[in-house]
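Colleague: Here is a sequence with its predicted model. Questions after.
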Number of protein chains: 2
Amino acid sequence: MSKARYLRRMKHALSVTRDQDFAAWYQSVIAEADLAEESGVRGCMVIRPWGYGIWERIQRLLDDRIKATGHENCYFPLFIPLSYFEKEAEHVDGFAKEMAVVTHHRLVGDGKGGLVPDPAAKLEEPLVVRPTSETVIGAAFARWVQSWRDLPVLINQWANVVRWEMRTRMFLRTSEFLWQEGHTAHATAEEAREETLRMLEVYREFSESCLAVHVVTGEKPENERFPGAVATYSIEAMMQDGKALQAGTSHFLGTNFASAQNIRFQNAGGEFELANTTSWGVSTRMIGGVIMVHGDDDGLAVPPAIAPWQVVIVPMLRDGPEDQAIIDYCRDLRGQLGALSALGEPVRALLDLKAAKAATKRWGWVKKGAPVVIEVGGRDVAGGNVSVIRRDRLYREDGKLDSRVMPRGELVDTLQQVLEDVQAGLLARSTEALRARIVPVEDWAGVEAHFAEGVKNPGWVDVRWSKPTGAALDRVVERLKALKLTIRNAPLGQTHRGEGSADAGNCVFTGEPAVERVLIGRAY
Amino acid sequence: MSKARYLRRMKHALSVTRDQDFAAWYQSVIAEADLAEESGVRGCMVIRPWGYGIWERIQRLLDDRIKATGHENCYFPLFIPLSYFEKEAEHVDGFAKEMAVVTHHRLVGDGKGGLVPDPAAKLEEPLVVRPTSETVIGAAFARWVQSWRDLPVLINQWANVVRWEMRTRMFLRTSEFLWQEGHTAHATAEEAREETLRMLEVYREFSESCLAVHVVTGEKPENERFPGAVATYSIEAMMQDGKALQAGTSHFLGTNFASAQNIRFQNAGGEFELANTTSWGVSTRMIGGVIMVHGDDDGLAVPPAIAPWQVVIVPMLRDGPEDQAIIDYCRDLRGQLGALSALGEPVRALLDLKAAKAATKRWGWVKKGAPVVIEVGGRDVAGGNVSVIRRDRLYREDGKLDSRVMPRGELVDTLQQVLEDVQAGLLARSTEALRARIVPVEDWAGVEAHFAEGVKNPGWVDVRWSKPTGAALDRVVERLKALKLTIRNAPLGQTHRGEGSADAGNCVFTGEPAVERVLIGRAY
């Protein structure tokens, strides 16, 4: 690192680098980019405007895709009666452990100036704050579905859910989080399976096009299935520390939930059948993935498609008589840029007029990861210029900040292309990082060596396995657990499909002939 | 009513008319228009796609306005520790009564196949499900605000809140509801008062432009203030049964919350001052207002600005060989209409291909209140025509359904104007209904006569009052309560301002010289 760069870093950058301590770096990006903060309520965070703005962009872009595939949004109750969980034993086993339980509906004074739940207002049946809504939505489906004509039912909900977590980490694992949960019911298993994979593909395309995060789509192993699911699929993303982040899941539930909740329909022949259902969801966890894929030692870099502001104009004022001319110039520029389109939408351009020093604002927007920051001083106004910083290539080769002076007209002419290049460049970098960190390994010794203590950033390994089930799978899971590893998924579309295939070989765990390849790694 | 109309009604219309039983009619519109339904969870409703679609439109249009006035969206925790409510006594008195209280964070089996809250997982401090977020947001403001440079803080949140209600009514009063709550902090009381009134004006303009619901803006009397507020303002709408609906509120909180929560800033002179705060909100209750303003005995009529689908195309199929030509024609038409703009946005046009009879679909969309329904049969295709039904003028003078055959080109040429006319027409009707039902009354005897038992649809009265406070106000409230009346608000911008004004006179309650006029009515 050049001295100039070093000095700049000292002044403006994060207090910790990714190399020094990835976990501490992650927290510091969240703090310095004003994404979120601890709320004072255990396990719950406050999502601040820049973080929530990213979530709003995610919502808008994903919601368009969910609607384009025929789904409608609904809203179901926050509270689920305890008895709903009792109906389906398997579901209870999976979710009943840690949930917020409402037991009273009133507070009263305790006679000592404090408040307590009113003993006279105890609920007859406690209510659970939804950890997910299969049970309450299934009950609605049972009311809505009578005939084959009522199918498919294709609905989605944007909501908050609560899973009481002992160890929390902002965005990645919080007691309350925001998500969407899609729920559908179909006449046949085949249709429901198609739906499950269709939504997985929507997630993949969304993740790559909008988040610029390359992911692997695949099926989770049996032990990682959603409780009650016949098959669970995921998109898995590669973080910069080599760990995996499960960024979205899609479940084929077969008739398991329909049977517990009595979702039946009369088919064209007049007979009653159970519906086949699916569910699928992504959450605010995705923002954690964006941070760990696109962040660097200067803070976050937000892909233009999901940046609340894609271009921020910072006027360099000096509390002097020329300030008004600078502000007028900036206002006019903002109007000009806002009239452009990029990535299929009007450009989101902000003029930052907050009462702070221009350098503080510049570095604030760098930390937040605004894709393009434009500085305008008196000299720029005089020359009809602007000074442009691109977040995705902040420094020149000599380590100095890469701030380019250009005629204002050039900025206007090229901005659309710049934003599209930044978006594509971030995706290309993510694709490259994913590919470079997945290593094929032939046997268990290779797995152990790959993940031996002290190996930095091992990424994932790609191995053959025989897809054991039951107790044999438990033994595999235990062996992996000792190395802090999990099976991420069995990628879709792989050519390896067992004996006789070009990629035939033996399972790294059992030594038996393998039937497919799976990805193994450490994970969030 | 003509016989033809009577017969149609019998077949398709609601089971009850407004005249017969307004409350039952309201419930039947909600059911027949597929807006919402009981969830099986006490006091909580399921908002179905058509109802939620209206809410999404409300969110989008109001959010644009909230952002245009400089506010940013955030998200704060669902749970509020009990101690936060203890901090501010006045706030506790107002809200502590009926709230959902979380006391446990785990469920366990009861040994009898059921589940119970785990006694070993009792929370040290119970958590309240937010009834509103002043306390938790105030705590964040105290962290965020240090200097005058940090002010104003202008934020908003879209969220679910819970107020345990003993008697619930869908959309109007449910235990859980959806809303937005704006919260702001300012350096001066003057600025905060301006903000309070600015957002009240945003609500008025939104209600009239988007909901087509004319409202009266004004200040609530002291007894109706939000607990802890210095002043509370509301928008009040007139329902078809003459009752008032408070459709939104905006509160000037002075330094009351800032003092309890220690929101202090250093002013330009280096001294510490308390901030002045505001809060303002509207909720899913607005949908109840839309139903009771625009509904009729055929169901709901949704103003085009908030209609999830503004135009619905129903192909009249006969399970015959000409069906495909009809579907192709409709698909093409849908594309053509979707390329148009009305009310500043692309037209939202749906082709309804559900497996049901055309007449069932037509009446389904009438009940839902889609502004324009287009039917296309084989004869229409042959002639290049469409059959158009406008929801706002469903019947001809002779009582028959007013379905107009017109060339397809005419529909395309006129649709934008039709949608804008429907929107304007609904607002004009609402304005007229509000004005016609507000009657000036000079004395208490006049009030009693106006609201005497048996008087149908009395609307509101407009009276002079001396704005009593404390015990004198309590006596006024009691007298009104005996007639089931409340003071709705003191309209803004009134010319009457006490003695010497052109409208001088005496208070209907106290006989003392009046200082302003207030509106009085029955209310939801």
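Modeller: That came through, no problem.

Colleague: Hmm, A:Phe257 and A:Lys87 touching each other?
Modeller: No. Using Cβ atoms under 8 Å, A:Lys87 is not in contact with A:Phe257; the gap is 9.8 Å. Quick note: C-beta positions are derived from backbone N, CA and C, even for glycine.

Colleague: Of the two, which one has the most company?
Modeller: A:Phe257 (29 against 15; other Cβ atoms under 10 Å in any protein chain shown).

Colleague: ok, the more buried one touching A:Leu274?
Modeller: No. Using Cβ under 8 Å, A:Phe257 makes no contact with A:Leu274, being 9.5 Å away.

Colleague: Could you name every residue contacting both of these two?
Modeller: Residues within reach of A:Phe257 and of A:Leu274 at once, by Cβ atoms under 8 Å, 6 or more residues apart in numbering or on different chains, are A:Ile263.

Colleague: residue contacts, the residue lying closest to A:Met166 once chain neighbours are set aside?
Modeller: Leaving out its chain neighbours, the residue that sits closest to A:Met166 by Cβ to Cβ, 6 or more residues apart in numbering or on different chains is A:Glu98, at 7.6 Å. By Cβ under 8 Å, 6+ apart, the contact set of A:Glu98 is A:163-166, B:105-106.

Colleague: What separation do you get for A:Glu98 and B:Arg106?
Modeller: 6 Å (Cβ to Cβ, to the nearest Å).

Colleague: joint contacts of those two?
Modeller: By Cβ under 8 Å, 6+ apart, the residues touching both A:Glu98 and B:Arg106 are A:Trp164.

Colleague: quick one: the helix or strand hosting A:Ile155 to strand B:153-162, angle?
Modeller: If you go by DSSP states H and E, A:Ile155 is part of strand A:153-162. If you take axes from the mean of the first three to the mean of the last three Cα atoms, to 10 degrees, strand A:153-162 sits at 110 degrees to strand B:153-162.

Colleague: what helices or strands is strand A:153-162 leaning on?
Modeller: helix A:49-68, strand A:72-73, helix A:134-144, strand A:176-186, strand B:153-162 (3 or more Cβ pairs under 8 Å, 6 or more residues apart in numbering or on different chains; DSSP states H and E).

Colleague: and if we set it to 6 Å?
Modeller: strand A:176-186 (3 or more Cβ pairs under 6 Å, 6 or more residues apart in numbering or on different chains; DSSP states H and E).

Colleague: In the sheet, which strands lie alongside the strand it packs on, parallel or antiparallel?
Modeller: Here strand A:176-186 has these sheet partners by DSSP bridges: strand A:153-162 (antiparallel), strand A:276-283 (antiparallel).

Colleague: Could you give me the buried positions within the longest one?
Modeller: In this case it means strand A:153-162. A:153-162 (16 or more other Cβ atoms under 10 Å in any protein chain shown).

Colleague: Alongside chain B, which residues does the stretch 151-300 of chain A contribute?
Modeller: By the rule Cβ under 6 Å from any Cβ of the partner chain, the part of the stretch 151-300 of chain A lying against chain B is A:160, A:164, A:176.

Colleague: tell me the least confident of the residues you listed?
Modeller: Across these, the smallest pLDDT goes to A:Trp164, namely 91.

Colleague: Specify the local secondary structure of it.
Modeller: coil (DSSP: H, G, I helix; E, B strand; the rest coil).

Colleague: Could you give the number of residues near it?
Modeller: Count around A:Trp164 with other Cβ under 10 Å applied: 22.

Colleague: Pop the domain breakdown of chain A in here.
Modeller: A:28-79+A:140-294, A:304-423, A:438-521 (automatic domain parsing).

Colleague: most packed of these?
Modeller: domain A:28-79+A:140-294 (a mean of 21; mean count of other Cβ atoms under 10 Å in any protein chain shown).

Colleague: Next, the residues that contact the helix or strand that contains A:Val116 from outside, please.
Modeller: Here A:Val116 sits within strand A:115-117, counting by DSSP H and E. For strand A:115-117, contacts defined as Cβ atoms under 6 Å, 6 or more residues apart in numbering or on different chains pick out A:104, A:107, A:110, B:82, B:85-86, B:101, B:126.

Colleague: Select only the buried ones of these in ChimeraX?
Modeller: Remark: buried members of these, expressed as a ChimeraX selection using 16+ other Cβ under 10 Å:
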select /A:104,107 /B:82,85,86,101,126
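
Colleague: Which members of the contacts of strand A:115-117 are the farthest-apart pair?
Modeller: A:His104 and B:Glu86 (16.3 Å; Cβ to Cβ).

Colleague: closest to A:Ala268 among the contacts of A:Glu98?
Modeller: A:Arg163 (40.9 Å).

Colleague: and the residue nearest to that closest one when sequence neighbours are not counted, helix, strand or coil?
Modeller: Spatially, and ignoring its direct neighbours in sequence, A:Arg163 is nearest to A:Pro131 (4.8 Å; Cβ to Cβ, 6+ apart). Applying three-state DSSP to A:Pro131 yields a three-state assignment of coil.

Colleague: still on that earlier bit, how about CSV for the strands paired with strand A:176-186, with distance to B:Glu205 added?
Modeller: Putting the strands paired with strand A:176-186 into CSV (distance: least, Cβ to Cβ, whole Å) gives the following:
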stretch, distance to B:Glu205
strand A:153-162, 26
strand A:276-283, 35
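
Colleague: still on that earlier bit, what number of residues lie near the residue nearest to A:Arg163?
Modeller: If we define neighbours as other Cβ under 10 Å, then A:Pro131 has 20 of them.

Colleague: so it touches A:Val101, yeah?
Modeller: No. The pair A:Pro131 / A:Val101 is not scored as a contact, 11.0 Å apart, by Cβ atoms under 6 Å.

Colleague: Just the pLDDT at the residue nearest to A:Gly505 when sequence neighbours are not counted, thanks.
Modeller: Nearest non-adjacent residue to A:Gly505, counting by Cβ to Cβ, 6+ apart: A:Arg464, 4.8 Å away. pLDDT, A:Arg464: 95.

Colleague: how close does A:Arg464 sit to chain B?
Modeller: Separation of A:Arg464 from chain B (Cβ to the nearest Cβ, to the nearest Å) stands at 40 Å.

Colleague: Much appreciated, bye for now.
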